[in-house]
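Trainee: let me see the structure of the following:
(2 chains)
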Number of protein chains: 2
Amino acid sequence: MKISELAAATGVPLATVKLYRREGMLMPGQAISQTQASYGPEHVERVNLIRTLSSLPGYSYNVLRTLFGLVDDETSPVYDRVVAAMQQLPGGQLADSGTDRAQAAVHALGVNANDSDAAMPQLEAALAAAEAVGLRLTPERLGMYWTHIQAIAAEEVAGMDEHTDGKDAVQYAIAGTAIYEPLVLALRRLAHQQLFNAAQH
Amino acid sequence: MKISELAAATGVPLATVKLYRREGMLMPGQAISQTQASYGPEHVERVNLIRTLSSLPGYSYNVLRTLFGLVDDETSPVYDRVVAAMQQLPGGQLADSGTDRAQAAVHALGVNANDSDAAMPQLEAALAAAEAVGLRLTPERLGMYWTHIQAIAAEEVAGMDEHTDGKDAVQYAIAGTAIYEPLVLALRRLAHQQLFNAAQH
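Mentor: Have a look, this model is predicted:
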């Protein structure tokens, strides 16, 4: 399809689709003349993904350009690209320095993690904040979180089996993290509201 | 203690403590003269809380003034203040209009929720985003999330029993949501990283 048809198919204004292309977030179509290219279903999917992610806090065009660069870079191993994408994903408050609390926490959980795990500075920041306001995070409480969150992650990853090729794996890791994080938080707030209502009535 | 001692006790610069006071986020001390007031441990706790929350994305002084106004407003019922605080908490992407998807989801979960629940527009936005990028959220998947997240919330609320008076309940609801959300997300990213590492090696 032509770029104008891509715009029509996604409901995204043509000027915006062109901007996505210019910013390098949307991969090129197949050239059919010096001035025209042909776009396929993968472009429809990408435009939808760019539009949705760019509406989330922290997902600037700069960030998205980096993330989709990793999706599209088929010369690097999938593993490296997923790890790099996780490191570029916004959303996490990061600790300024050190990961002492995070290291102690993962040790208590029996998890092997190292500082290059993108989640570690994020975990450190969360633990430091809890400590600063006097919310004690006992090993039992931490273990409780970990049990449930591990179970969630295992089910999520099991649902990823259909995405076997490298491009899909990287894209799924990005979309799954970006899209499901707000869902997890919304459900947690809903659960709290329900428990709070139940306690009052 | 004097305000300078409050600054020393918290490690927050005196000018910043004065700013917290001026902005109405820090409650007044007990007047001991026309120009001096005396501050206690509750002020130390509040300064620590302001400093930590204001470092999180979305927690502007404006937002914090509203939130602490609810904590300190002892004339309104605790229930109303907690609900209002949850509605003012930043972090959630909110749907522009409607909560059709969220209503269908809570119905499938057997949850009684109404549109005034602050989590509903947030849930709607998360579900709309998943739909927009073609991530199908089956009732089974939704039920899986809900089972684990409900269990987490129940344990969190059980840990709240010690906070019985109204001020603490409102403050705990705010701090617990603000502080533990990044923790939940960091642990989820860590769990994904672990599963991904395990699959590669």
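
Trainee: CA only for contacts and neighbour counts going forward, please
Mentor: OK.

Trainee: right, and residue A:78 touches residue A:169 too?
Mentor: Yes - between residue A:78 and residue A:169 there is a contact under CA atoms under 8 Å: 7.5 Å.

Trainee: any idea of the pLDDT on the residue lying closest to residue A:67 once chain neighbours are set aside?
Mentor: The shortest distance from residue A:67 to any non-neighbouring residue, by CA to CA, 6 or more residues apart in numbering or on different chains, is to residue A:85 (5.8 Å). Per-residue pLDDT puts residue A:85 at 89.

Trainee: got the CA coordinates for the helix or strand that residue A:85 is a member of in PDB?
Mentor: Using DSSP states H and E, residue A:85 sits within helix A:78-88. Extracted C-alpha coordinates of helix A:78-88, given in PDB (Å, rounded to 0.1, in the frame of the first residue of the first chain):
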ATOM      1  CA  VAL A  78      18.500 -11.200  19.900                       C
ATOM      2  CA  TYR A  79      19.700 -11.600  23.500                       C
ATOM      3  CA  ASP A  80      21.800  -8.500  23.400                       C
ATOM      4  CA  ARG A  81      19.000  -6.500  21.700                       C
ATOM      5  CA  VAL A  82      16.400  -7.500  24.300                       C
ATOM      6  CA  VAL A  83      18.800  -6.600  27.200                       C
ATOM      7  CA  ALA A  84      19.700  -3.300  25.600                       C
ATOM      8  CA  ALA A  85      16.000  -2.500  25.000                       C
ATOM      9  CA  MET A  86      15.200  -3.200  28.700                       C
ATOM     10  CA  GLN A  87      18.000  -0.800  29.600                       C
ATOM     11  CA  GLN A  88      16.500   1.900  27.400                       C
END
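
Trainee: could you point out which element follows it?
Mentor: The helix or strand immediately downstream of helix A:78-88 is helix A:100-108, counting by DSSP H and E.

Trainee: buried sites along that following helix?
Mentor: Across helix A:100-108, burial judged by 16 or more other CA atoms under 10 Å in any protein chain shown covers A:101, A:102, A:103, A:105, A:106.

Trainee: name the SS class of the closest residue to the first one other than its chain neighbours, please.
Mentor: Spelled out, it's residue A:101. Nearest residue to residue A:101, sequence neighbours excluded (CA to CA, 6+ apart): residue A:124, at 5.7 Å. State at residue A:124, reduced to three classes by DSSP: H, G, I helix; E, B strand; the rest coil: helix.

Trainee: so what touches stretch A:16-33?
Mentor: Here stretch A:16-33 makes contact (CA atoms under 8 Å, 6 or more residues apart in numbering or on different chains) with A:3, A:7, A:37-40, A:43, A:46-47, A:50, A:61, A:64-65, A:68-69, A:72.

Trainee: can I have the buried ones of these as a ChimeraX selection?
Mentor: Per 16+ other CA under 10 Å, the buried members of the contacts of stretch A:16-33 correspond to this ChimeraX selection:
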select /A:3,7,38,39,43,46,47,50,61,64,65,68,69,72
